[in-house]
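J.: Model the structure of this input:
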Amino acid sequence: MSQEWTERVDAEPNGPAEGLPITRVVDLGTARLLPDLDRRRGWLLTMDGTPQSYVDLDDPLHLEFEYTQRLAHAVDLCAEPGRPVDALHLGGGALTLPRYVAATRPGSRQRVAELDAGLIALVRERLPWDAGVGLEVEAADARLVLDRAPAAGADLIVADVFGGHTIPAALTSIEFVRAVGRALRPGGLYAANLADGAPLDFVRGQLATVGSVFPELALVAEASVLRGRRYGNLVLLASTRPLPVEALTRRTAGDPFPARVVAGERLTGFASGARPVTDRTAVPSPPPPDGAFAV
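T.: Down below sits the predicted model:
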């Protein structure tokens, strides 16, 4: 999969021809679509060699990345099964989670803010989504979109934004989290995909920051990541109402790569000593070790 590929101009206009990898320079780097040899219409999106999204155009319920599976569990538990939700996605990629929400909660209204207009064009052209699923994708800065979102207008806000290999500092501050709280309806769910490695200071700072706005928190990750043994993804969940920790624990324990759910006093102890960060003091998340996510 490391072989260099170039885009074929004779690819099908409504999606990539089967088995044909595509490379395109977009606004923020080089995007590649690589076919999954085991699934007829499965595609991996990479940016500058780092896996970003996976989509199966025939089966939006198939989620390849472990952190996406954990976000999907949270989506499943954020409201009664099948009930439509109003969702705001900060960061889009190949729209894996919005497609999942559209399939599992028909009638949902979803808005996606993705900074890279070229990437949106590539995904729209090669990995098209059903125009009738209530999904609006905008080429815009995530923080600006959040700041102008209507008050109490969303049941679900998902932050999955990486600038290069790190989460931008503007999406880690208490001012950002307050804007999330303003845009969520009472009892709504905030879910953030984070990434960190030992000594996990970034994640602890995020727990302190988000916890200063939302009283209910949970952190979901593999045990090796929580113990600082390796760099990886951690999903942070927050709400003003109690989170479904027991149900989430059962679901994540049954995943192909089981994860742990940390909440309550254990999470308080995990974040002990960390302080909230502001727009003035916020920094991006730490970058991954060389080759950690390379294809």
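J.: Looking at residue 165 now. What's its pLDDT?
T.: Per-residue pLDDT puts residue 165 at 88.
J.: how many other residues sit next to it?
T.: For residue 165, the neighbour count with other C-beta atoms under 10 Å is 16. The way it works is simple: take the backbone N, C-alpha and C, and place the C-beta from them, glycine included.
J.: My understanding was that it contacts residue 288; is that so?
T.: Yes - with contacts counted by C-beta atoms under 8 Å, residue 165 reaches residue 288, the gap being 5.7 Å.
J.: How far off centre is the host helix or strand of residue 31?
T.: Using DSSP states H and E, the element containing residue 31 is strand 29-35. Distance, stretch centre to chain centre, for strand 29-35: 18 Å (C-alpha atoms, centre = their mean, to the nearest Å).
J.: partners of it in the sheet?
T.: Partner strands and pairing direction for strand 29-35 (DSSP bridges) are strand 22-26 (antiparallel), strand 42-47 (antiparallel).
J.: Which of the ones you listed sits closest to residue 188?
T.: Proximity to residue 188 (C-beta to C-beta) singles out strand 42-47 among these, at 28.2 Å.
J.: what's next to the very next helix or strand once past that closest one, contact-wise?
T.: Downstream of strand 42-47, the next assigned helix or strand under DSSP H and E is strand 50-56. Strand 50-56 is contacted by residues 36, 39, 41-46, 62-65, 68, 93-96, 99, 127, 162, 165, 293-295 when judged by C-beta atoms under 8 Å, 6 or more residues apart in numbering.
J.: From these, which land in helices?
T.: In helices, defined here by DSSP state H, the members of these are 68, 96, 99.
J.: Tell me, how many residues neighbour the residue lying closest to the first one once chain neighbours are set aside?
T.: Distance criterion C-beta to C-beta, 6 or more residues apart in numbering; nearest residue to residue 68, sequence neighbours excluded, is residue 96 at 5.7 Å. By the criterion of other C-beta under 10 Å, residue 96 has 25 neighbours.
J.: what's the spacing between residue 39 and residue 64?
T.: From residue 39 across to residue 64, the span is 9 Å (C-beta to C-beta, to the nearest Å).
J.: Please disregard the earlier target; I meant residue 287.
T.: Separation of residue 287 from residue 64 (C-beta to C-beta): 23 Å.
J.: For the two, indicate the residue with more neighbours.
T.: Shown here are residue 287 and residue 64; by other C-beta under 10 Å, residue 64 has more neighbours (17 against 14).
J.: Next up, the contacts around the more buried one.
T.: 36, 42, 44, 54, 56.
J.: now residue 194
T.: Residue 194 sits in contact with 167, 202, 203, 206, 233, 234, 235, 236, 285, where contact means C-beta under 8 Å, 6+ apart.
J.: Which of these fall in strands?
T.: The strands, defined by DSSP state E, take in 233, 234, 235, 236 from these.
J.: Surely residue 22 is in contact with residue 35?
T.: No - Residue 22 sits out of contact with residue 35 when judged by C-beta under 8 Å, with a separation of 9.2 Å.
J.: Thought residue 233 was touching residue 224, still the case?
T.: No - if you go by C-beta under 8 Å, residue 224 and residue 233 don't touch, sitting 11.7 Å apart.
J.: Same drill for those two, tell me which one is more crowded.
T.: Using other C-beta under 10 Å as the criterion, residue 224 and residue 233 rank with residue 233 on top: 21 against 11.
J.: who's in contact with the more buried one?
T.: 66, 67, 193, 194, 195, 221, 225 are the contacts of residue 233 under C-beta under 8 Å, 6+ apart.
J.: Of those, which is the nearest to residue 88?
T.: Closest to residue 88 out of the contacts of residue 233 is residue 193 (14.5 Å), distances taken as C-beta to C-beta.
J.: Now rank the contacts of residue 233 by neighbours and give me the top one.
T.: Going by other C-beta under 10 Å, residue 221 tops the contacts of residue 233 with 26 neighbours.
J.: which strand residues sit across from the nearest residue to it once chain neighbours are set aside in the sheet?
T.: Nearest residue to residue 221, sequence neighbours excluded (C-beta to C-beta, 6+ apart): residue 234, at 4.0 Å. Per DSSP bridges, the residues bridged to residue 234 are residue 194.
J.: for residue 137, same thing?
T.: Taking DSSP bridges as the rule, residue 137 bridges to residue 112.
J.: State the pLDDT value of the residue nearest to residue 221.
T.: With respect to pLDDT, residue 234 scores 98.
J.: What is the neighbour count of it?
T.: Residues near residue 234, counting by other C-beta under 10 Å: 24.
J.: same thing with residue 241?
T.: Neighbour count for residue 241, taken as other C-beta under 10 Å: 12.
J.: Fine by me, we can end here.
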